[in-house]
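Visitor: next input, structure requested:
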Amino acid sequence: MKHHPARRIAPTLLAVVATLSCIPAASAANLTNLRCEYRDNPLGIDAEKPRLSWVIEERDQNAGRALANSEKPGEALTGMAEGNSEVRGQRQTAYQVLIASTPELLAEDQGDLWDSGKVVSDQSIQVEYAGKPLESRMICHWKVRVWLKDDKTDNRQPTTDNSPPGKPSAWSQPAGWSIGLLKPADWQAKWVKAGGDTSPWLRKEFNLTKSPERAMAFVNVKGYYELYVNGKKVSDDVLAPAVSVYKKRSLYNTYDIRKYLRPGTNCVGVWLGLGLVFRGDIAPLARVQLDMSVGGKREVVGTDNTWTWTSSTHTKNRWGWCGNGGEHIDMRRDIPDWSKAGCAGGKWSTVEEVANPSAVASAQSCPPNRIIKTIPAVSCTELRDTGMLGTYFLFQYLQQAGRNDLAFTMATQEDFPGWGYMLKNGATTMWEQWDGYWSQIHSCYTCPGGWMYQGLAGILPDETGPGFKKIIIKPGVVGDLTWVKCSYDSIHGKIVSNWKRESGNLKLDVTIPINTTATVYVPPKDADSVTESGLPTAKADGVKFLRMESGAAVYEVGSGSYRFGSRR
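Guide: Just a heads-up that it's a prediction; the model follows:
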């Protein structure tokens, strides 16, 4: 982190050096991954007391990064020098949060919405907002700094008010969030539908005297949608919003659309789809509200009976038993400029306003669906037989029973049934059933992926310290595997568990985030054969032997990077 620049330039180099030498050093920590309600700079949240979190990293975590980012299999296991200088057992002793209504106030260290003051606590997740009441459409800017237990930059004794000694870290980089529409009355848009069409295009043209200083779009749809402004798709969301039970709850998302708007005539377009509906609703419903500040004046454009619609290129989109949302596309219906101002193509009809549904409208709190990678089709096969609904529970039971060897067999065998069988038959995605009869891209049953983190790498939550405040590292050294390289970005920071075995030796490299502790299981021939950074564990800094359990030596460690070795 960089210090703020001095307000005046010293007249001589000597004066600069003298001035800087008098500035107390900040605690050697970087604060990263600032989150509000578990999300990175979220827009349109509806939590009136949002929860904040941050990750603490040492300023030089090259050793830990080498563990997580090495390119070659097993490279991290030989890349960390023995006796690394990274401080172990670091933890937060206090924090201060500032929240401001403008970035300028925040830059001046003024928290006009909330200044927590120095809070003596090791809490770095789920820190609840306790400032002025938050209102709809409000934008909040925030930053945080912390004090650390093993801060070596200040050797003062504890203060009289029992707060921790030492200097705080530098302030984090600023982060922020915006508030959605908290009350039903905040929605000025109306619910509308396009006759009985299951996949229509909706549009509305409007004028702006100048480019807006701020512009947010709140999109609330019972069904699926894509949002367009002046011919451009807003965001990379697909199949939005997330799935909900429409009779009980509809979800809305918030988008910053300022960069898409311009002075003069603009057009907003919404492409609707039926969504995951089995009974009841036969057409999607939409409520869309554009909330803008233009020349300091608020302007709102919302769905109502001035919007128009036409059928899109998608002619059928029906969910139901044995009808899993297949698409029929008729490109003869395409209108390339349907969401641009001045579009003259197509036959457009007026939308119909409908009564407000009884379901609650809530801000979507989970990340959106996105296309991460496109995989070309390899082949089409026709298979028949059995179900796999119990797979998740089977993996959990085998892991808890210490039978990662059986789980490994299930995951790799090429005989029916097994995931190796799927790979042998050309699968590139997870099947719904062992024989591939129904869906062959079914994310509901991806538990083998979770088992690779928990069973093979052994990265597990400790129930006595929820949220990975306490961690268990219990690797599964099974089958003919010779190495595993794995990391998990927890809410407290990156957890690493890499292991490699060769010539009867096991090497286990572990990284534990600052402000957390871990219990590490090392499978040895005997406890005396276990080393850490080349030293007997009894002489290793920050490593405490607990017990032998199920053929493993069990140790307690604090934050930092560790290299365990043993003979098996």
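Visitor: what's the spacing between residue 492 and residue 38?
Guide: 12 Å (CB to CB, to the nearest Å). C-betas here are computed from N, CA, C, even on glycine.
Visitor: what of residue 52?
Guide: Applying CB to CB, the value for residue 52 to residue 38 is 10 Å.
Visitor: and the two? Which one has more around it.
Guide: Taking neighbours as other CB atoms under 10 Å, residue 52 and residue 38 compare with residue 52 leading, 24 against 16.
Visitor: give me the nearest residue to that one, chain neighbours excluded.
Guide: residue 127 (4.6 Å; CB to CB, 6 or more residues apart in numbering).
Visitor: is residue 548 in contact with residue 527, as I believe?
Guide: Yes: with contacts counted by CB atoms under 8 Å, residue 548 reaches residue 527, the gap being 6.0 Å.
Visitor: show me where this structure has its helices.
Guide: 13-21, 62-69, 76-79, 103-107, 391-400, 404-412, 419-424, 447-451 (DSSP state H).
Visitor: tell me what the fourth one is packed against?
Guide: In other words, helix 103-107. strand 92-100, strand 139-148 (3 or more CB pairs under 8 Å, 6 or more residues apart in numbering; DSSP states H and E).
Visitor: any chance of a markdown table for those strands, columns mean pLDDT and mean neighbour count?
Guide: Converted to a markdown table, these look like this (pLDDT from 0 to 100; neighbours: other CB atoms under 10 Å):
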| stretch | mean pLDDT | mean neighbour count |
| --- | --- | --- |
| strand 92-100 | 97 | 23 |
| strand 139-148 | 97 | 23 |
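Visitor: in TSV, list those strands along with distance to residue 307.
Guide: TSV is the format used below for the helices and strands packed on helix 103-107 (distance: least, CB to CB, whole Å):
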stretch	distance to residue 307
strand 92-100	37
strand 139-148	28
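Visitor: wait, which of these is closest to residue 451?
Guide: Taking CB to CB, strand 92-100 is the member of the helices and strands packed on helix 103-107 nearest to residue 451, at 32.3 Å.
Visitor: next, the angle from that closest one to strand 139-148.
Guide: 160 degrees (axes from the mean of the first three to the mean of the last three CA atoms, to 10 degrees).
Visitor: each with direction, which strands does strand 92-100 pair with?
Guide: Strand 92-100 pairs in its sheet with strand 114-115 (antiparallel), strand 119-120 (antiparallel), strand 139-148 (antiparallel), by DSSP bridges.
Visitor: hang on, the earlier thing: so which of residue 548 and residue 527 has more stuff around it?
Guide: residue 527 (17 against 12).
Visitor: for that one, give me its contacts.
Guide: For residue 527, the contact set (CB atoms under 8 Å, 6 or more residues apart in numbering) comprises 545, 548, 553.
Visitor: over to residue 182?
Guide: By CB under 8 Å, 6+ apart, the contact set of residue 182 is 46, 48, 134-136.
Visitor: per-residue pLDDT of it, please?
Guide: If you check residue 182, the pLDDT there is 96.
Visitor: now it: how far from residue 216?
Guide: From residue 182 to residue 216 the distance is 14 Å (CB to CB).
Visitor: go on, residue 422?
Guide: From residue 422 to residue 216 the distance is 44 Å (CB to CB).
Visitor: kindly report the same for residue 411.
Guide: Per CB to CB, residue 411 is found 45 Å from residue 216.
Visitor: pull the number of nearby residues for the nearest residue to residue 356 once chain neighbours are set aside.
Guide: Excluding the flanking residues, the one nearest residue 356 by CB to CB, 6+ apart is residue 191, at 5.9 Å. Neighbourhood size, residue 191 [other CB under 10 Å]: 22.
Visitor: check what pLDDT residue 191 gets.
Guide: Model confidence at residue 191, expressed as pLDDT, equals 98.
Visitor: so it makes contact with residue 285?
Guide: Yes: Residue 191 is within contact range of residue 285, at 5.4 Å (criterion: CB under 8 Å).
Visitor: common neighbours of those two, please.
Guide: Common neighbours of residue 191 and residue 285 (criterion: CB under 8 Å, 6+ apart): 354, 357.
Visitor: now do the same end-to-end measure for stretch 177-189.
Guide: This stretch, stretch 177-189, spans 23 Å end to end (CA to CA, to the nearest Å).
Visitor: any buried residues in that stretch, and which?
Guide: For stretch 177-189, the neighbour count (16 or more other CB atoms under 10 Å) marks 177-182, 187, 189 as buried.
Visitor: same check on stretch 526-533?
Guide: 527, 529-533.
Visitor: how long is it from one end to the other?
Guide: With CA to CA, one end of stretch 526-533 sits 18 Å from the other.
Visitor: quick one: mean pLDDT over that stretch.
Guide: Regarding stretch 526-533, the rounded mean pLDDT is 90.
Visitor: now swap in stretch 257-267 and tell me
Guide: Rounded to a whole number, the mean pLDDT of stretch 257-267 is 98.
Visitor: low-confidence stretches in this structure?
Guide: 1-28, 60-86, 150-165, 277-281, 316-326, 377-384, 388-389, 443-445 (pLDDT under 70).
Visitor: tell me the domain ranges of it?
Guide: According to automatic domain parsing, the chain comprises the domains 13-57+92-178, 192-354.
Visitor: could you check how far the first one is from the centre of its chain?
Guide: Just to be clear, that refers to domain 13-57+92-178. 21 Å (CA atoms, centre = their mean, to the nearest Å).
Visitor: then stretch 226-237?
Guide: 22 Å.
Visitor: before we move on, the earlier item: got JSON lines for the buried residues of stretch 526-533, with distance to residue 170 too?
Guide: As requested, these are arranged in JSON lines below (distance: CB to CB, whole Å):
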{"residue": "527", "distance to residue 170": "43"}
{"residue": "529", "distance to residue 170": "44"}
{"residue": "530", "distance to residue 170": "39"}
{"residue": "531", "distance to residue 170": "37"}
{"residue": "532", "distance to residue 170": "32"}
{"residue": "533", "distance to residue 170": "30"}
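Visitor: inside strands: which ones of those?
Guide: The strands, defined by DSSP state E, take in 531-532 from the buried residues of stretch 526-533.
Visitor: ok, so of the buried residues of stretch 526-533, who is nearest residue 248?
Guide: Of all the buried residues of stretch 526-533, residue 532 has the smallest distance to residue 248: 52.9 Å, by CB to CB.
Visitor: report the contact partners of the closest one.
Guide: With contacts defined as CB under 8 Å, 6+ apart, residue 532 is in contact with 540, 543, 562-565.
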